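> coords please:
(chains A and B)
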Amino acid sequence: MRTKLQKFFTRLILSILGLCVIAVTLFLFLYVFWKGKKVFSLSFLLDKPAGVPLGTAGGIYPALMGSIYLGALSALIGGILGIGAAIYLVFYSTGKRFSGLVNMAITGLSGIPSILFGLVGYTLLIYRFGLSRSLLCSSLCVAAMIIPFVAIRAKKILDEKGREYMKTSLSLGLSREYALRKMILPACFVELLGTVALGMAYGMGAVAPILYTGAVMQADVPHSLSDPFMSLPYHLYILVNNGFSLDYAYGTAFVLMLFLLIIQLICKFITYLRKDN
Amino acid sequence: MLNIENLKCGFGKHEILHGISLTIPKGQITAIVGQSGCGKTTFLKSLNRMVEEEGGYLSGAITLEGTDIKSLPKEELRRRIGMVFQQPIAFPHSIEKNLSYVLKYHGVRDKKEISEKITESLQKARLYNEVKDQLKKSALKLSGGQKQRLAIARSLCADPEILLLDEPCSALDMKNTIAIEETLLELKKQYTFVIVTHNLAQAKRIADQVIFMDQGKVLEVTEKEQFFANPASEPAKEQIQYM
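A predicted model of the protein is given here:
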């Protein structure tokens, strides 16, 4: 009887905890949507910010595009480095010491507060190397932030799927490089792409690394890597921090959340299709 | 012919094989038997240096037709000494691509030649009749027994001299086991097989020579008939008793 009760309560408590997570997510989305719906429209997505103070009218188009550019560029740089590190750890590392060091670096990097990436980026790229505050500087900082995010997940994917393929390929007299190029990377491509896309979503949501390195209050859609840019989370930060307009802040937050959700859903859908096949 | 002299193998400070010396004759099926954990698989993996891919070390000498295997590039060595694992791995592509993947690396480029070699390998592995109409279909949809025969066919694409098989039938039912055993018996005219098995009855059915291992050492290397009729070591006697 006691065991049955214990089982029942364990199940009940865990179900409630699970429901709590769903409730928090739903609440966050619905609340942000509810608050932001006053300003949400097509022109909000496609217009430049306007009004005095800036952002209290108009739209968020430059910020949306700036975020996409930032996300894409940092995902490209961080993705290449993160996946490269994962490939090295799974297929090439022989010395336990060096691979332990790489692992430690990845873990260490994942624990660094995001503001430090901004601070180091500012000190090194702008103050030391004399680069201007730009999309490139911010992308490098965000890329450094998403390297461990991508590397840890890519390592898991390659560990699960790639190791057996590599072992089988080597036993057939094939080279590591041929197996990687012709079998393992194509076989894991969708999952790796999904990981990079999630990294992009993670990077797009960050404010701290771009605060001192490239994001500005007002700018056009960047035309080159050396242009400063607007981004959704930074725009949101300015609107809230200066108390300009909470409605527009919620509208911006909703677009940001929606965008990140769409990226995640696309990744899930592709992974689902892949598994189904 | 594969000649092994004082082979020692292990991982880190842990030595698993303690000085093995023996000869694996050409054109025969050699079965490696012994209790679980005695080092059968490690021994098998040391023959084409796959053990090094898992962080293991090797010492002693292994010569393939008189050539020290350490002097051969690993790719060349493993082309000549192929391997099939306990759990058959089908690559996530079509049956055809599972085989052409190997052929292309080993220099076969002509489409007609690739197609002919695929057919030949599948026929040798006794899989062709079952899959001839579905070569473009995913290899992941094959049954366990078919996947294992695909793995054998894939290894044959590399045109090996010796094929190492690590308990290839342990996860298969009797029908598939017999299919694989018949395949090996038929192919031994062309290839040398070294098979690790925990199934003494299987060794009795297909092997020409038996290697009996215990705690990282070889206790017996003898012809099958002699091994089963009059085993020399006590552990072998015990195992045969419970067959």
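> For B:Ile81, grab phi and psi.
Here is the backbone geometry of B:Ile81 (degrees, to the nearest 10): phi -120, psi 90.
> How many residues are close by it?
Per other Cβ atoms under 10 Å in any protein chain shown, the neighbour tally for B:Ile81 reads 27. (Each C-beta comes from the backbone N, C-alpha and C, glycine too.)
> Correct me if wrong: it contacts B:Lys45.
No - counting by Cβ atoms under 8 Å, B:Ile81 stays clear of B:Lys45, with 10.7 Å between them.
> tell me, what's touching these two both at once?
B:Leu164 (Cβ atoms under 8 Å, 6 or more residues apart in numbering or on different chains).
> List the buried residues of the helix or strand hosting A:Leu265.
Under the criterion DSSP states H and E, the helix or strand holding A:Leu265 is helix A:246-276. Of all the residues in helix A:246-276, those buried under the rule 16 or more other Cβ atoms under 10 Å in any protein chain shown are A:247-257, A:259-260, A:263, A:267.
> What is the lowest-pLDDT residue among these?
Among those, A:Cys267 has the lowest pLDDT, at 81.
> if I look at the nearest residue to that residue once chain neighbours are set aside, how far off is B:Gln241?
In space, and not counting its chain neighbours, A:Cys267 is closest to A:Gly194: 3.8 Å by Cβ to Cβ, 6 or more residues apart in numbering or on different chains. Using Cβ to Cβ, to the nearest Å, A:Gly194 is found at 56 Å from B:Gln241.
> doesn't B:Leu59 fall inside a helix?
Let me fix one detail, which is that residue B:59 is Ser and not Leu. No - looking at B:Ser59 with DSSP: H, G, I helix; E, B strand; the rest coil, it is strand, so not inside a helix.
> Give me the nearest residue to it, chain neighbours excluded.
Counting by Cβ to Cβ, 6+ apart, the residue nearest B:Ser59 is B:Lys8, at 4.6 Å.
> Okay, buried residues for the strand or helix carrying that neighbour please.
Element membership for B:Lys8 (DSSP H and E) is strand B:2-11. Buried residues in strand B:2-11, counted by 16+ other Cβ under 10 Å: B:2, B:4, B:7-10.
> Distance-wise, check the residue of chain B found nearest chain A relative to A:Gly51.
Per Cβ to the nearest Cβ, the residue of chain B with the smallest distance to chain A is B:Arg79, at 3.2 Å. To A:Gly51, B:Arg79 is 71 Å away according to Cβ to Cβ.
> Just want the phi and psi numbers for the closest residue to A:Tyr212 other than its chain neighbours.
Spatial nearest neighbour of A:Tyr212, excluding adjacent residues (Cβ to Cβ, 6+ apart): A:Tyr122 at 3.9 Å. When read as degrees, to the nearest 10, the backbone of A:Tyr122 gives phi -60, psi -50.
> now B:Ile211
Taking degrees, to the nearest 10 as the convention, B:Ile211 sits at phi -110, psi 120.
> who's it bridged to?
Taking DSSP bridges as the rule, B:Ile211 bridges to B:Ile32, B:Val221.
> which residues touch it?
B:22, B:30-33, B:218, B:220-221.
> 7 Å - rerun?
By Cβ atoms under 7 Å, 6 or more residues apart in numbering or on different chains, B:Ile211 lies in contact with B:22, B:30, B:32, B:218, B:221.
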